[in-house]
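> please work out how this folds:
(3 chains)
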Amino acid sequence: MTNRAGRGRAIRAPLPLALAAGLVVAALLLPLAYLVIRVAGGGRAIEILGEPATWRLVWNTVRLAAGVVVASVLVGVPVAWLVTRTDLPGRRFWGTAAAVPLVIPSYVAAFCLLGFFGERGLLAEALGIDGLPDVRGYWGSLAALTLATYPYVFLLAQATLRGLDPALEEAAGGLGASRRSVLLRVTAPALRPAVGLGSLLVALYTLSDFGVVTLMGYDTLTRAIYVQYGSLFDRAPAATLALVLVGLTAVAVVAESRLRRKGRLYRAGPGSQRDGVVVPLGPWTVPALVFCTSVVGLFLGLPAGVLGYWLAHGIANDQQLDIPWSEAINSLGASGLAAGFAVLAAVPVAILALRYPSPTSRALERLSYAGNALPGLVIALSLVFFAARYATPVYQTLALLVFAYVVRFFPQGLSGVASALEGVSPRYEEAARGLGRGPVATLALVTLPLVRSGVLAGAALVFLSAMKELPATLLLRPIGFQTLATEIWKLTQIGAYSRAALPALVLIAVSAPVLYLLSSNRRFESGGPG
Amino acid sequence: MIRLDAVTKRFGATVAVDEASLCVDRGEVVALLGPSGCGKTTLLRLVAGYERPDGGTVDVGGRVVAAPGSFVSPDRRRVGMVFQDYALFPHLTVAENVGFGLPRRERSTRVPKLLSLTRLDDLGRRYPHELSGGQQQRVALARALAPAPELVLLDEPWSNVDPHLREMLRAEVTEIIRPLGVTVVLVTHDREEAFSLADRIALMRDGKVVQEGTSEELYFAPASRWAAEFVGAANVLTGRVVSGVVETPIGAFAANGSSSAATAEVLIRPELLELELDPDGDAEVVAREFRGHDVFYRVRVNGLEVVSQRPSTEVVPLGARVSVRLHDGRVPVLH
Amino acid sequence: MRLAALLAILAATIAAASCGGSNDTLTVYSGREEELVAPLFAMFTGETGIEVEVRYGDSAELAATIAEEAENSPADVFWAQDPGSLGAVEEHLDPLSDGILGMVPEQFRDRDGRWVGTSGRVRVIVYSTEALAEDEVPDSVFDLTDPRWQGRIGIAPTNASFQAFVTAMRLAEGDEKARQWLLDLKANDPKTYEKNTPIVEAAAAGEIELGLVNHYYLYLVKEEQPDAPIANHFLEPDDPGGLVSVAGAGVLESTGDRSTAERFVEFLLSPDAQRFYVDEAEEAEYPLVEGIAPKPGLPPLEDLAGLDIDLTSFGAEHEATIEMLRETGYLT
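Model (predicted):
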């Protein structure tokens, strides 16, 4: 009689809620609708799908996404465990530093890695070597994308480890299990949902990334889509490739939900805020420190160092360097609005999926991921297509730009809201209803205050992504509206790296406080498509 | 106050409540008793409006609140609910929790009253996680009582509490609720809880209400062997029926309730079996279990073992020969 | 306090986002980099009093945007890096008046008068002056297939400027010869880059000895690294590797104010604007209007543009070029 929570499906979803969620998901599906229109208009889809070149691209893309996921897990999970569960010296520092790369745009990361490890980069210069081996291609892309994405896995794993009821591990320890088997049989399965969701975010990011693969010269579907758009006359091939990406997204989303289904038991209850078991590292302290130092050094120290070097170089060369204040404010404002609207849109979808589970509500939730792996360019063009035709007054306004951010990063907002909601017993809402409060009052007085931290976490993720967003920003921003990302783009376009370093550093600096909010949030637990 | 008529609730393929019917009168305290998974919590949630029935009608306070094609949402039912885990709003103080269901202008007068009623006067500004389990329960009760509902539902209110505290908490809650005269429906799987609190008990099994009655009726005249065994220790004997008398291996008894069948099962509660030291008796004590105020004896009679419960003031040694006698001449026939 | 800061940021953002948008202004989609051409827009506004709103972006992406916007495009003028992007949206461009067209030699404008070139750029070989003396640098791209250059050449096959050069080779020499050259070059294991600037930087760093680029990137890189050991080598005038191409502008059919739009295009061809490339801009593009000489040190355009091909057809030929690059393994 105790586990009614799981199937306590009460009443059919109220119509306004269903309508709101439906509307949100319909908006998120606009890019898909656009692609279908384009593919149907061109008529070469079958031919393109039959070409071996297409499948080579798919293979390249899958190979890269899989590699980045594995690398992110291998980096993110151990660091998360070290900073939450061991007596590693300086764990607070490592915990903060390891999250920071989340604010570094992946194209900046690629620039910095190339600037350092490039054949004639700073490293070669410092060593006085006449040319290092070429790091571009698969491995360079893998490194830059891992830098940009492992923090997703790290933050989610860290939150789970913090929230994990220490009693579970203690109990296992009490039953005579060795420390290693506690790790394998209790901690690792408990981490599965977090690692699954983190991997999904990593995979989707990788699928949609253009900047890194272009700079690193590695051919993926997204890069091919850009090249196809460059050929201009027939947009059907690009749209067909984009639909293949959507297909890959579907595979990733389904795989993740399979993985999650097994791991729900381990959610922390309210009351288990005790710190977990601290594992003494003993002789492993030095290797652990070396590991953390390499991760933070490579993924944070190196890009920051290269940017700093370029900046110093610019100052030394007397270049005109103005702190981009207005760009920073524009970035903050547009990203803030995007974060707010994204979580606002996520609330009905999350409530519908978790409080009124049905095949339809689950399908809606999964569909909201459909556009997430699409390159920003495709999302931007789809919104150009619809807005220029059917919503002229908002075309090229801030509203449309914010909308584009919401469409692109919705799942990140949803993951925060959904995970928090999952941790809130439906009994609270029932209690409120039983006390005579209507559904709206219940939402405002009970549900939202209880999921507040998750909402904030989701908003922070969207915010950080929107800060870095470039392709959609370029095409959809109001004319003359400069953000830090467009400023970096503008300057790197003409190779002015020393001047581009300043907005890049400002971007990192103004994002960092939000990141701090995110990583210090104890209730940010794993969640996602169910 | 409550009338359930052939109410059915399914979750996917499982039928949680299966054409259950039940009546509760105004001012009555009724316990829904049954084993885990019998559907009693679901039935309670159907009354509160947290579930929508797939069939049948639910009538609360003389108003149809759920029937095919019509449904009144929980916020319009004026039913107070105390959840098993209390579901106190963690982000609100005790006073805010209690005042949650009250119109703003009533809070300042009503909340202190309820806090004092539930002896929480000094705790209004605390948060739920700062309270003990018993205090949390009283907050939940105060919150449910605040809007002055005519019906209060309690879902397994003491299942999370240590056994030695349970009795005390039960007494506390009874003290608070009884004088108010509200109708109470309590869900429990603990028969003692049901016996001690309820005016009437509705026994549930597999989604159905299988028997309704007072504690005594349920205990001494259960409707079935399953009911007999669920509500207490039972000796169930099979015997031949001969003109209103059941002949069992331990003796012939007048059957309470008729049976047209040639054989019948009868219930004999252990405390009704009296033992008397008797060297010529046909029974022998084969096991003895001391339980404080009572002692349980396992007695072999004519190749059959029965249990007898005697006060610990009567001592019958292990291995003694005894004769067995029924305290009261009539025994209920089970169907 | 925090709320106040938040609101201030939002207000500033919204103000920044809504400062444009009035109807009296001219809207230009510019595929040309802001850092390079912003002074020209300021000059136009200074001369005419007409405010210009500029959407900067990648030429091909802006062309795709115009194609999606179709008749609803807010743009009046499209100013692109290359004839290909202009050709891609030619159905959305209105023919320019003869007065404007007449200002530019025929070979640097659209056959049907839908766009004109506004400045010229020349394909060159950039080379490392540390690795090579100028006379060692080939005068024809056909010499680059010599095994001597194994692993020493930089190209940007995904970049529109390289693709335009391949189109030129196809048109000038025929598909067969072009394909063979591509295969032979591939055998020489060239290093590929995203676009021109990294090639020039790679030459400066000594990663490569030669690179196929547009001539003006040299000057951009020199601005960052004044002492970079690099130089441009101009090819034979009839060598497809020395293609002279243009950045160009056209007026959109959907413009609400044709005369202002044309006035802007006309301005781009005015002596002041043309002289900008000579006197002001670091990147040393070629002026196209007769009577204005390029920056000192640059060979005259007449000596370079010896290739008899039509830039107009670049848009239409683009697809076939992409296909060939794919067949020969340069693109996937």
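
> what about the helices in the stretch 1-150 of chain C?
For the stretch 1-150 of chain C, helices defined by DSSP state H, counting those that start in this stretch occupy the ranges C:2-17, C:34-48, C:59-69, C:83-88, C:98-101.

> so which of the ones you listed is the most surrounded?
Among these, helix C:83-88 has the highest mean neighbour count (mean count of other C-beta atoms under 10 Å in any protein chain shown), at a mean of 28. Backbone N, C-alpha and C define where each C-beta goes, glycine included.

> pick out the residue nearest the middle of the chain.
Let's take chain A. A:Leu201 (4.9 Å; C-alpha atoms, centre = their mean).

> I was thinking of chain B, sorry if that wasn't clear
B:Ala194 (3.0 Å).

> ok, chain C next?
Nearest to the geometric centre of chain C sits C:Gln81, at 3.3 Å (C-alpha atoms, centre = their mean).

> need the contact list for the spatially closest residue to it that is not a sequence neighbour.
Leaving out its chain neighbours, the residue that sits closest to C:Gln81 by C-beta to C-beta, 6 or more residues apart in numbering or on different chains is C:Ser59, at 4.2 Å. Taking C-beta atoms under 8 Å, 6 or more residues apart in numbering or on different chains, we find C:Ser59 in contact with C:31-32, C:80-82, C:85, C:160.

> which stretches of chain B form helices?
Ranges of helices in chain B, per DSSP state H, are B:40-48, B:94-99, B:104-117, B:133-145, B:163-177, B:191-197, B:215-220, B:225-231.

> I'd like these as a markdown table, with distance to C:Asp146 and mean pLDDT appended.
Formatted as a markdown table, the helices of chain B follow (distance: least, C-beta to C-beta, whole Å; pLDDT from 0 to 100):
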| stretch | distance to C:Asp146 | mean pLDDT |
| --- | --- | --- |
| helix B:40-48 | 85 | 93 |
| helix B:94-99 | 85 | 94 |
| helix B:104-117 | 90 | 92 |
| helix B:133-145 | 87 | 91 |
| helix B:163-177 | 94 | 83 |
| helix B:191-197 | 97 | 89 |
| helix B:215-220 | 104 | 90 |
| helix B:225-231 | 97 | 91 |
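
> for chain A, which of the ones you listed is the nearest?
Evaluated over the helices of chain B, closeness to chain A peaks at helix B:40-48, with 4.9 Å, by C-beta to the nearest C-beta.

> what's that closest one in contact with?
A:1, A:4, A:8, A:10, A:430, A:434, B:2, B:4, B:7, B:9, B:16-17, B:20, B:22, B:32-34, B:51-53, B:58, B:60, B:66, B:74, B:77, B:79, B:81, B:84, B:151, B:153, B:155-156, B:185, B:187, B:189, B:204, B:207.

> quick one: the helices of the stretch 1-150 of chain C as JSON lines, columns for mean pLDDT too.
Below are the helices of the stretch 1-150 of chain C laid out as JSON lines (pLDDT from 0 to 100):
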{"stretch": "helix C:2-17", "mean pLDDT": "74"}
{"stretch": "helix C:34-48", "mean pLDDT": "91"}
{"stretch": "helix C:59-69", "mean pLDDT": "90"}
{"stretch": "helix C:83-88", "mean pLDDT": "88"}
{"stretch": "helix C:98-101", "mean pLDDT": "92"}
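
> phi, psi of C:Gly113?
phi 70, psi 20 (degrees, to the nearest 10).

> so who does it touch?
Neighbouring residues of C:Gly113 by C-beta under 8 Å, 6+ apart: C:95-96, C:98, C:101.

> pull the most distant pair out of those.
Among the contacts of C:Gly113, the pair separated by the greatest distance (C-beta to C-beta) is C:Pro95 and C:Asp98, at 9.2 Å.

> nearest spatial neighbour of the residue of the stretch 301-450 of chain A found nearest chain B, skipping sequence neighbours?
Nearest residue of the stretch 301-450 of chain A to chain B: A:Leu435, at 3.0 Å (C-beta to the nearest C-beta). Counting by C-beta to C-beta, 6+ apart, the nearest residue to A:Leu435 once its immediate chain neighbours are dropped is B:Gly101, at 3.0 Å.

> list the residues that contact the one you found.
Contacts for B:Gly101 (C-beta under 8 Å, 6+ apart) come out as A:434-437, B:143, B:146-147.

> okay, those in JSON lines with neighbour count next?
Converted to JSON lines, these look like this (neighbours: other C-beta atoms under 10 Å in any protein chain shown):
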{"residue": "A:Gly434", "neighbour count": "28"}
{"residue": "A:Leu435", "neighbour count": "28"}
{"residue": "A:Gly436", "neighbour count": "21"}
{"residue": "A:Arg437", "neighbour count": "20"}
{"residue": "B:Arg143", "neighbour count": "31"}
{"residue": "B:Ala146", "neighbour count": "25"}
{"residue": "B:Pro147", "neighbour count": "18"}
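
> can you redo these as CSV with distance to C:Val37?
Formatted as CSV, the contacts of B:Gly101 follow (distance: C-beta to C-beta, whole Å):
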residue, distance to C:Val37
A:Gly434, 67
A:Leu435, 66
A:Gly436, 66
A:Arg437, 61
B:Arg143, 69
B:Ala146, 71
B:Pro147, 71
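
> would you pull up the residue in the stretch 201-335 of chain B closest to chain A?
The minimum distance from the stretch 201-335 of chain B to chain A, using C-beta to the nearest C-beta, falls at B:Met204 (10.7 Å).

> what about that residue, neighbour count?
Using other C-beta atoms under 10 Å in any protein chain shown, B:Met204 has 27 other residues around it.

> pretty sure it contacts B:Ser36?
No. Here B:Met204 lies out of contact with B:Ser36, judged by C-beta atoms under 8 Å, at a distance of 11.0 Å.

> from chain C, how far out is the residue of the stretch 301-450 of chain A closest to chain B?
Look at A:Leu435 and chain C: by C-beta to the nearest C-beta, to the nearest Å, they are 31 Å apart.

> pretty sure that residue sits against B:Val98.
No. Under the criterion of C-beta under 8 Å, A:Leu435 makes no contact with B:Val98, lying 10.0 Å away.

> quickly list what's touching both of the two.
Here A:Leu435 and B:Val98 have B:143, B:146 as joint contacts, going by C-beta under 8 Å, 6+ apart.

> pLDDT weak spots in the stretch 401-530 of chain A?
For the stretch 401-530 of chain A, applying pLDDT under 70 flags the ranges A:520-530.
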